[in-house]
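Asks: build me a model:
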Amino acid sequence: QVQLVESGGGLVQPGGSLILSCTASGFAFSNYVMSWYRQAPGKERELVASISNTGGRRNYADSVKGRFTITISRDNAKMTVYLQMNSLKPEDTAVYYCNVKQRSRDYWGQGTQVTVSS
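Replies: Okay, here's the model as predicted:
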């Protein structure tokens, strides 16, 4: 079965950096677009970034472009997708989720908490 396991979250000071990882299993990882979403307290879950199956195309949500430096990448051999975030701000505090869509069904990981605070 599809499994997505996120890691790498934690408490970071404003201006700091984090690299989130999502390791997948149970499906042909290299065939699918992978995405990162986040959900802040009291807010809807929102898309942060997506990457094509080969890694050749990357899309970033307008809400995060320019607010902090962010890069999505993947290693198909390791079945892992990454989200590198720099210059984090308190408003980036959220639970970050890994996502894959298969046949119109969404699969999610358990999420990893990112807290930006001094």
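
Asks: tally of neighbours for Thr80?
Replies: 18 (other C-beta atoms under 10 Å). (Each C-beta comes from the backbone N, C-alpha and C, glycine too.)

Asks: does it touch Ser25 like I think?
Replies: No: look at Thr80 against Ser25 with C-beta atoms under 8 Å: they stay out of range, at 10.4 Å.

Asks: how about the closest residue to Gln3 other than its chain neighbours, what does it touch?
Replies: Distances taken as C-beta to C-beta, 6 or more residues apart in numbering place Ser25 nearest to Gln3, at 4.7 Å, with adjacent residues excluded. By C-beta atoms under 8 Å, 6 or more residues apart in numbering, Ser25 lies in contact with Val2, Gln3, Val5, Met79.

Asks: from Leu83, how far off is the third one?
Replies: If you measure Val5 against Leu83 using C-beta to C-beta, to the nearest Å, the figure is 14 Å.

Asks: shared neighbours of those two, anything?
Replies: Cys22.

Asks: higher neighbour count, these two?
Replies: Legend: neighbour count by other C-beta under 10 Å for Val5 and Leu83, higher for Leu83 (26 against 14).
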